[in-house]
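Peer 1: pasted the sequence and its predicted model underneath.
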Protein chains: 2
Amino acid sequence: MTVQVKSGPWEREVFLAKLRAIGVSRYHDKHPFHRYMNSGQLTPDQLRGWVANRFYYQKNIPIKDAAIISNCPIREVRRLWLHRVSDHDGISEGEGGIEAWLKLADAVGLTHAELLNEVHVLPGVRFAVDAYVDFARTKPWPLAIASSLTELFAPDLMQERLRAFEQFYTWIAPEGLEYFRSRIVQARVDSDQGLNLTMHYCDTYQMQEAALRALAFKCDVLWAMLDAMFLAYGEGIEYAGRQLAYITVAHES
Amino acid sequence: MTVQVKSGPWEREVFLAKLRAIGVSRYHDKHPFHRYMNSGQLTPDQLRGWVANRFYYQKNIPIKDAAIISNCPIREVRRLWLHRVSDHDGISEGEGGIEAWLKLADAVGLTHAELLNEVHVLPGVRFAVDAYVDFARTKPWPLAIASSLTELFAPDLMQERLRAFEQFYTWIAPEGLEYFRSRIVQARVDSDQGLNLTMHYCDTYQMQEAALRALAFKCDVLWAMLDAMFLAYGEGIEYAGRQLAYITVAHES
C-alpha cells in the first residue's frame, strides 16, 4: 500500500510568485523577434509580417473569450468576462480592438483584405493560435482564465513596444499605434480581474498546479508564433532563444 | 445579377497531377532538417530530438484514423480504413508501428518513458500534430483521407532515410530501423488506397479543390514540425527553406 499525501493549496502569495516566475522564464518579451523589434532593427517587411500574423491572434481573442463564457456556469464570472468580447469586437461598427489593429495595418501599408483573408498567416502561427482557442473550448474554464494571465506581463512589453515604434519606426503614422496605447491601460485592469478569478476558483493544489501549466502553455503559444515569424521573415535576426531550455535530451553517445 | 459558371470536376489524370505537384513543392523531404539528416550531418542529440518529437506524431496516427472512421457513414470505406489503426496500435502487446518506433528509441538511447510522457515534445510540434488530429475530427472524412496522401511521397523519403541511417549513423543498431523498412512497403499500399478513395469521393470541382487544400495543409503540418525541431536542435544547420514562398508581403516602403 502506498501512503497518499494530500497537499493543501499554496498561500496566495506563493501561488502568485509561481505564476510570475513563469512569465519571467517563458513570456515572449525575450524572444529574439521581439528584442529586435524593440531595439528598432526590424525592416518594414519584417514588421508587416508581424502585423499580419499577429492579427490572426487578435481576431481569435473574442472567439476564445466567448468559449470561456460558454463553458462557465457562474453568472457573476460570465458578467465579469463579457466586456472582453466587446472590447475586441467593438459595440458598433468601426470600434474595438480588432478595428484598431486594422488601423495599424493601414499605417504599415497592408490592406484590410490581406489581414481579413489571412493571406500572410503562417502555418505555425495558425496552429499555435488554434491550439489556444481549442484550449479555451475544451478545458475547465478556470484554467482557460489562468491561461489568459500572460496579460500580467503585457503592459511592460506594450510600453516598450510603443516607445520603440515612436522612436525607430517613424514611417508608421502615430494613429496606427492606438491599439497599443489602449491596451496598456486595459491589460492592467483585465489581468487584475483574471488574477482574482484564478486565485478564487483555482483553490486546490491540483487546480493551482493545472493553472501554472495553463499559463506556461499560453506562453508557449505566443513564443511559437514568433518562432514561425522568425523563420519566415527573420533574415538578419540572430536566434539564440529560450528553446535551449527544451533540450533535455542529454546522453553519453 | 452575376452569371454563375459551374465547373465540372477535373479528369482523373489532371487531379492526380495537381495532387503530386503539391508534394513536389511542399513535402517535408526538402526541409533542411531532413536534408541534413539524410546526408549524415545530424549529431546524436539532434537525431534523438527528432525521434522523440516525431513519436508524438506517430502516437497520434491511430487516433486520427479512428476519427476518420468515426466520421464516415460508408461501411466499405470504414472497413478499408480500419487496418491503419491496428497497423500502428498492433493487434497484440508488443506489435505495431508505435511499438516499432519505441524500438528505434531504444536504439538511439531514449527511454520509453521519455517518449510516452512527452518530455521532449516541443510546443510547435504539439500544435502541428494536434491541428492534424483536429482536422480529421472536424472536416468531412473524404478531405481527411485526402490529407493523408502525403503517403504518396513517403516511400522515397523513407528509402533515402533508411540508406542514410545504415551508412552514416552506424551507432544505431539495425533492429531500430524496422519501422522504416516496414513502412516503405505499407505506405505504397496505403497511399494507393487513399488515392482511390480520394478520386472516388472527391468527385466535384469543389471537393477536388478542397482535397488539394487538405493535402497542402498536411504538408504544412509536417513542415512546421521540422521547423520547431530546427529551432530547438538545429545548431549547425543552415536554414534556407521553403518558407520564402510564404513571403508575399511586398511593398514599396
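Peer 2: Noted; the coordinates are in hand. Residues are numbered from 1 along each chain as shown, chains lettered A, B, ... in the order given.

Peer 1: all helices for the stretch 101-250 of chain A, in order.
Peer 2: Taking DSSP state H, counting those that start in this stretch as the test, the helices found in the stretch 101-250 of chain A are A:112-116, A:123-138, A:141-147, A:154-168, A:178-201, A:205-233.

Peer 1: tell me which of those helices sits most buried.
Peer 2: Each of the helices of the stretch 101-250 of chain A was given a mean neighbour count from mean count of other Cβ atoms under 10 Å in any protein chain shown, and the largest, a mean of 24, is that of helix A:141-147. To be clear about C-beta, it is placed using only N, CA and C from the backbone, and glycine gets the same treatment.

Peer 1: what's that one in contact with?
Peer 2: By Cβ atoms under 8 Å, 6 or more residues apart in numbering or on different chains, the residues outside helix A:141-147 that reach it are A:19, A:64, A:67-68, A:71-72, A:77, A:81, A:132, A:135-136, A:139, A:194, A:197-198, A:201-202, A:207, A:210-212, A:214-215, A:217-218.

Peer 1: likewise stretch A:93-107?
Peer 2: Applying Cβ under 8 Å, 6+ apart, the set of residues contacting stretch A:93-107 from outside is A:51-52, A:54-55, A:58-59, A:61-62, A:86-90, A:111-112, A:114-115, A:172-173, A:175-179, A:182-183.

Peer 1: cool, stretch A:108-125 as well?
Peer 2: Counting by Cβ under 8 Å, 6+ apart, the neighbours of stretch A:108-125 from elsewhere in the structure are A:44, A:47-49, A:51-53, A:55-57, A:101-102, A:105-106, A:126, A:172, A:176, A:224-225, A:227-229, A:231-232, B:124, B:127-128, B:217, B:220-221, B:223-224, B:227-228, B:243, B:246, B:248-249, B:251, B:253.

Peer 1: and stretch A:195-210, end to end?
Peer 2: 14 Å (Cα to Cα, to the nearest Å).

Peer 1: just the mean pLDDT for it, thanks.
Peer 2: Mean pLDDT, computed over stretch A:195-210, is 97.

Peer 1: ditto for stretch A:155-174
Peer 2: pLDDT averaged over stretch A:155-174 equals 96, rounded to a whole number.

Peer 1: kindly report the same for stretch A:220-236.
Peer 2: The predicted model assigns stretch A:220-236 a mean pLDDT of 93.

Peer 1: repeat that for stretch A:48-65.
Peer 2: Taken as a whole, stretch A:48-65 has a mean pLDDT of 96.

Peer 1: stretch A:69-88 too?
Peer 2: Across stretch A:69-88, the average pLDDT comes to 90.

Peer 1: show me what counts as buried in it.
Peer 2: If you call a residue buried by 16 or more other Cβ atoms under 10 Å in any protein chain shown, then stretch A:69-88 has these buried ones: A:69, A:71, A:72, A:77, A:80, A:81, A:84, A:85, A:87, A:88.

Peer 1: then that stretch to CSV, C-alphas only?
Peer 2: In CSV, the C-alpha atoms belonging to stretch A:69-88 read as follows (Å, rounded to 0.1, in the frame of the first residue of the first chain):
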residue,chain,number,x,y,z
ILE,A,69,-18.2,32.3,-21.2
SER,A,70,-20.0,29.5,-22.9
ASN,A,71,-18.2,27.0,-20.6
CYS,A,72,-18.8,28.9,-17.3
PRO,A,73,-21.9,28.2,-15.2
ILE,A,74,-21.4,31.1,-12.8
ARG,A,75,-23.3,34.1,-13.9
GLU,A,76,-21.1,36.6,-12.0
VAL,A,77,-18.0,35.3,-13.7
ARG,A,78,-19.7,35.5,-17.1
ARG,A,79,-20.7,39.1,-16.4
LEU,A,80,-17.2,40.0,-15.5
TRP,A,81,-15.7,38.3,-18.6
LEU,A,82,-18.2,39.7,-21.2
HIS,A,83,-16.6,43.1,-21.8
ARG,A,84,-13.6,41.3,-23.2
VAL,A,85,-15.6,40.2,-26.2
SER,A,86,-16.9,43.7,-27.0
ASP,A,87,-13.5,45.2,-26.2
HIS,A,88,-12.2,43.4,-29.2
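
Peer 1: pull the residues that contact that stretch.
Peer 2: A:58, A:61-62, A:65-66, A:68, A:96-98, A:136-137, A:140-141, A:144-145, A:186, A:190, A:193, A:197, A:201.

Peer 1: what do you get if the cut-off is 10 Å, keeping everything else the same?
Peer 2: Identification of contacts with stretch A:69-88 by Cβ atoms under 10 Å, 6 or more residues apart in numbering or on different chains yields A:58-66, A:68, A:92, A:95-101, A:136-142, A:144-145, A:148, A:182-183, A:186, A:189-190, A:193-194, A:196-197, A:200-201.

Peer 1: now stretch A:158-166
Peer 2: A:29, A:34, A:37-42, A:47, A:104, A:107, A:154, A:172, A:174, A:176-177, A:179-187.

Peer 1: state the pair within the buried residues of stretch A:69-88 that is farthest apart.
Peer 2: Largest separation among these by Cβ to Cβ: A:71 and A:87, giving 19.3 Å.

Peer 1: ignoring the adjacent residues along the chain, who's closest to residue A:65?
Peer 2: Leaving out its chain neighbours, the residue that sits closest to residue A:65 by Cβ to Cβ, 6 or more residues apart in numbering or on different chains is residue A:84, at 4.4 Å.

Peer 1: mind checking how far the helix or strand where the one you found lies is from the chain centre?
Peer 2: Secondary-structure element containing residue A:84, defined by DSSP states H and E: helix A:75-89. Taking Cα atoms, centre = their mean, to the nearest Å, the mean C-alpha location of helix A:75-89 is offset from the chain mean by 17 Å.

Peer 1: same question, stretch A:97-105
Peer 2: Its chain's C-alpha centre lies 17 Å from the corresponding centre of stretch A:97-105 when counted by Cα atoms, centre = their mean.

Peer 1: same question, stretch A:117-129
Peer 2: For stretch A:117-129, the gap between its own C-alpha mean and the chain's C-alpha mean amounts to 15 Å (Cα atoms, centre = their mean).

Peer 1: next one: stretch A:171-182
Peer 2: For stretch A:171-182, the separation from the chain centroid amounts to 19 Å (computed by Cα atoms, centre = their mean).

Peer 1: that one and chain B in contact?
Peer 2: Yes - if you take Cβ under 10 Å from any Cβ of the partner chain as the test, stretch A:171-182 does meet chain B, through residue A:171.

Peer 1: just the CA coordinates of that stretch, formatted as CSV?
Peer 2: This file holds the C-alpha atoms of stretch A:171-182, laid out as CSV (Å, rounded to 0.1, in the frame of the first residue of the first chain):
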residue,chain,number,x,y,z
TRP,A,171,7.4,55.8,-41.1
ILE,A,172,4.4,54.4,-39.2
ALA,A,173,1.8,57.1,-38.6
PRO,A,174,1.1,57.6,-34.9
GLU,A,175,-2.7,57.0,-35.2
GLY,A,176,-1.7,53.4,-36.1
LEU,A,177,-0.5,52.9,-32.6
GLU,A,178,-3.8,53.4,-30.8
TYR,A,179,-4.2,49.7,-30.1
PHE,A,180,-1.0,49.6,-28.0
ARG,A,181,-1.9,52.8,-26.1
SER,A,182,-5.4,51.5,-25.1
